[in-house]
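>>> take a look and give me a structure for this.
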Amino acid sequence: MADQALPLRRSIAANAVTLAPSYVALAVLYWHDDLAAGPALIAAAGIAAVSIVLVQRYLGSLARFARFVSELSGEQEPAMPRLKFAPVTEELAAAAATLAAGWRRQRASIDNLAASAQAIVDGLPDPLIAVDRQRRIVRTNRATLALLGPVAADRDLSTALRHPALLSAIDSLLMVADGNFVGPEQATVELVLSGAPDLDVIAHARRLPRAAADGSLALIVLHDTTALRRAERMRADFVANASHELKTPIAGLLGFIETLRGPARDDLPARERFLGIMAEQADRMRRLVDDLLTLSRIEQHEHARPDAEVDLGRVLAGVQDLLQLKASSRKVAVELSVDPSPLQAVGDHDELTIVFQNLIDNAIKYTRPATTVRVVARPLGQDRVSVAVSDEGDGIPAAHLPRLTERFYRVDTARSRQLGGTGLGLAIVKHVVNRHRGRLDIQSSPGKGSVFTVTLPAVVRRG
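Prediction:
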C-alpha cells in the first residue's frame, strides 16, 4: 500500500496542536526567568523537530488506516497495513478487517439464498410475477418469459398485463388507509391472453404479510386453463354429438317398429322394406358403438408407446384385400406401392391396421367412381417411415382441414351418413398416430383430391 503525501493544511494543523502545550510551557518558564532565551529557543527547535517527525508518522498511519477501511468498504481485500506509530489504530484496522470478512460471508450467503430463491421460482411450472407496493414488477420467472415474453423490471404491471379486472384486483390488495391494508389478502381473476391461439388463464393474486427484502409485496400466479377448458368443451360436444348420432337411428327404429305393429302388420312387402332399413340403422349404431369403444380404448393407453416391430407391407396388403370388394363395387382401383426395402415400424399391428383401414376406406368412399386410390409406403430418412393415401375426389376446402380429426366433425354431414360414416374415423387415426409418436399430415385441394400421410418411427437396426 503506497503512501501518499499528506495535505499541507492537515499537517500544519496537527503540528500546531501538538507543539502548542510545549511552547506555552517554555514561554511560562522564560517569563518567570527560569529559562534563558537561548536555551528556550534551542528547546523549542528540538521539540518542534521531534514533534514534526512523530506527527508526520502518526498522520501517515492514520492515512493508511483510512485507505485500508476505504478499500474494505469497496469490497476489496487489501493487506493489513503496519501501523506501529498508532497501535490503537492497528487494532481498529484488525477489527475492521474481521468485520468486513464477516460482512462478505453474510453477503455471499444472502446472494446464495437469493440465487436459490430465484432458481426455485424459475422451476415453478406456472408464470409468477411479484410486484411492490407501487404495483411495479420486482421479480418474474422463466415461465413468465415463455408466456409473456421479456418483462421489464421496475415497470408498472400494466405494461405486461393490460387487463383492467386484474389490475383492479391488485390495486385492491395494495390499498392502504391510515397505514393499514384495507383490501382482501387474495383475489382470483379469469382472463384471456390474446395470441395465436388465445389462452384461458386464471390469475391467483396474494398479498404477503410484509414486504420481502426485494420489495415484493404481492405475488401473481398465472395458471393456464386452456387445455382444461378445451377438454370441457370437447366433452360437452362429444356427449351432445354422440347423443344426436344415436338418437336418430333409435328414433327410426322405434318408428318402424310401431309401423310394423300397426298399419304394416300384414303388409309383407312393406315389412321386408322396413326390416331392411331397420337392419341398416342397427348396423349404423353398431358401427358407432364400436368406434366409440375403440376410441375410448386407444385414449386410455395413449400415453403408453407401443414397442413391437410391425411389417407395414403386410399390414397394407391385408387392408387392401379387406377393402377390395368395397372398392370394386365403386369401380375404384386400390394401387399399393411399397418400397422394396423392408418397412418395419415400431407400433401395434392391430392399431396400425385400424389406421390404414380408416384412411383407405375413406379414400374409397370419397373418391370419384372409376378412379384410383394410391397407397405409397417408403422410408423417410434413417428412423422414419411414411405411408401416403391419396384419392381423386372432390377435395376438402382449406377451412375444414384443421378440424377434420375432431370427433363427429364432417365436411358434408348428409353425404357422410349416407356413406355409412360415424364421424369418428379420423379421430381414431389421430389418437393412434399420437400413441405411436407419429404424425398425420393432410393435404387437399378442392377438385384435385386429398392426400393423408402418416409418418411413424421405424425400427433402427444397430450394426
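>>> who's in contact with stretch 394-401?
Counting by Cβ atoms under 8 Å, 6 or more residues apart in numbering, stretch 394-401 makes contact with 366, 368, 404, 411, 442, 444, 445, 446, 447, 448, 449, 450, all of which sit outside it. In short, each C-beta sits where N, CA and C put it, glycine included.
>>> residues contacting the last one?
When you say that, I think you mean residue 450. By Cβ under 8 Å, 6+ apart, the neighbours of residue 450 are 363, 366, 390, 391, 393, 395, 396, 442, 443, 444.
>>> the second one too?
Taking Cβ under 8 Å, 6+ apart as the criterion, residue 368 is in contact with 392, 393, 394.
>>> distance of the second one from residue 224?
What that stands for is residue 393. Separation of residue 393 from residue 224 (Cβ to Cβ, to the nearest Å): 39 Å.
>>> so between these two, which is more surrounded?
Taking other Cβ atoms under 10 Å, residue 393 and residue 224 do not tie; residue 393 has more neighbours (21 against 17).
>>> quickly note the distance from the more buried one to residue 212.
Residue 393 sits 64 Å away from residue 212 when distances are taken as Cβ to Cβ.
>>> again with residue 104
Using Cβ to Cβ, one gets 23 Å for the distance from residue 104 to residue 212.
>>> about what we covered before: and the contacts of stretch 394-401, which of them are in helices?
Using DSSP state H, the members of the contacts of stretch 394-401 that fall within helices are residue 366.
>>> show me which of the contacts of stretch 394-401 are buried.
Buried subset of these (neighbour count, 16 or more other Cβ atoms under 10 Å): 366, 404, 411, 444, 449, 450.
>>> pull the contacting residues for the closest residue to residue 406 other than its chain neighbours.
The shortest distance from residue 406 to any non-neighbouring residue, by Cβ to Cβ, 6 or more residues apart in numbering, is to residue 427 (6.6 Å). Residues in contact with residue 427, defined by Cβ under 8 Å, 6+ apart, are 295, 405, 406, 407.
>>> quick one: the nearest residue to the last one once chain neighbours are set aside from residue 50, how far?
Looking back up the chat, that one is residue 407. The shortest distance from residue 407 to any residue other than its chain neighbours is 4.7 Å, reached at residue 427 (Cβ to Cβ, 6+ apart). Residue 427 is 105 Å from residue 50, where distance means Cβ to Cβ.
>>> over to residue 206?
Applying Cβ to Cβ, one obtains 73 Å for the distance of residue 206 from residue 50.
>>> just residue 369 next, same as before
From residue 369 across to residue 50, the span is 126 Å (Cβ to Cβ).
>>> so which of the two has more stuff around it?
Per other Cβ under 10 Å, whichever of residue 369 and residue 50 has more neighbours is residue 50, with 13 against 8.
>>> now do the strands in the stretch 201-350 of the chain.
Under the criterion DSSP state E, counting those that start in this stretch, the stretch 201-350 of the chain carries strands at the ranges 218-224, 308-311, 333-338, 344-347.
>>> and among the ones you listed, the most buried is which?
Mean neighbour counts were taken over the strands of the stretch 201-350 of the chain using mean count of other Cβ atoms under 10 Å, and the top value, a mean of 23, falls to strand 344-347.
>>> list of residues touching it?
By Cβ under 8 Å, 6+ apart, the surrounding residues in contact with strand 344-347 are 306-312, 352, 385, 436, 456-459.
>>> can you check stretch 316-330 too?
333-334, 336, 338, 353, 356-357, 360-361, 364, 367, 369, 373, 375, 377, 387.
>>> try it again with 6 Å
Contact partners of stretch 316-330, identified using Cβ atoms under 6 Å, 6 or more residues apart in numbering, comprise 334, 336, 356, 357, 360, 361, 364, 369, 375.
>>> check whether the fourth one sits in a helix, strand or coil.
If I follow you right, that is residue 357. Assigned with DSSP: H, G, I helix; E, B strand; the rest coil, residue 357 falls in the helix class.
>>> list the contacts for it?
For residue 357, the contact set (Cβ under 6 Å, 6+ apart) comprises residue 319.
>>> what of the second one?
Neighbour list for residue 336: 316, 320, 375 [criterion: Cβ under 6 Å, 6+ apart].
>>> before we move on, the earlier item: and which of the contacts of stretch 394-401 is nearest residue 183?
residue 404 (49.8 Å; Cβ to Cβ).
>>> isn't the closest one right up against residue 426?
Yes: under the criterion of Cβ atoms under 6 Å, residue 404 lies in contact with residue 426, with a separation of 5.4 Å.
>>> out of the strands of the stretch 201-350 of the chain, nearest to residue 156?
Distance to residue 156, taken as Cβ to Cβ, is lowest for strand 218-224 among those, at 13.1 Å.
>>> can you give me the mean pLDDT across the closest one?
Taken as a whole, strand 218-224 has a mean pLDDT of 90.
>>> check which helices and strands it sits against.
Helices and strands in packing contact with strand 218-224 are listed as strand 128-131, strand 199-207; criterion 3 or more Cβ pairs under 6 Å, 6 or more residues apart in numbering; DSSP states H and E.
>>> excluding its backbone neighbours, what's nearest the residue nearest the centre of the chain?
Centre of the chain computed as the mean C-alpha position; nearest residue by Cα atoms, centre = their mean is residue 143, 4.8 Å away. By the measure of Cβ to Cβ, 6+ apart, the closest residue to residue 143 outside its immediate chain neighbours is residue 127, 4.3 Å from it.
>>> need the pLDDT of that neighbour.
Residue 127 is assigned a predicted lDDT (pLDDT) of 90.
>>> that one is in contact with residue 147, isn't it?
Yes: here residue 127 reaches residue 147: they are 4.8 Å apart, a contact under Cβ under 6 Å.
>>> these two: which is more packed in?
Remark: of residue 127 and residue 147, residue 127 carries more neighbours, 23 against 19, as counted by other Cβ under 10 Å.
>>> I'd like the distance between that one and residue 185.
Residue 127 sits 21 Å away from residue 185, going by Cβ to Cβ.
>>> helix or strand: which one has the residue nearest to the centre of the chain?
Using DSSP states H and E, the element containing residue 143 is helix 142-148.
>>> hmm, which helix or strand of this structure has the shakiest average pLDDT?
In the chain, the helix or strand scored least confidently by mean pLDDT, DSSP states H and E is helix 413-418, which has a mean of 54.
>>> skipping adjacent residues, who's closest to residue 211 in space?
By the measure of Cβ to Cβ, 6+ apart, the closest residue to residue 211 outside its immediate chain neighbours is residue 217, 4.8 Å from it.
>>> neighbours of the one you found, how many?
The number of residues packed around residue 217, counting by other Cβ under 10 Å, is 20.
>>> in JSON lines: the helices and strands packed on strand 218-224, plus distance to residue 25.
What follows is the helices and strands packed on strand 218-224, written out as JSON lines (distance: least, Cβ to Cβ, whole Å):
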{"stretch": "strand 128-131", "distance to residue 25": "70"}
{"stretch": "strand 199-207", "distance to residue 25": "72"}
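>>> can you tell me which of these is most buried?
Here the criterion is mean neighbour count by mean count of other Cβ under 10 Å, and of the helices and strands packed on strand 218-224 the winner is strand 128-131, at a mean of 22.
>>> average pLDDT for whatever helix or strand comes next after that one?
In the C-terminal direction, the helix or strand that comes right after strand 128-131 (DSSP H and E) is strand 137-140. For strand 137-140, mean pLDDT is 89.
>>> since that was my last question, I'll sign off now.
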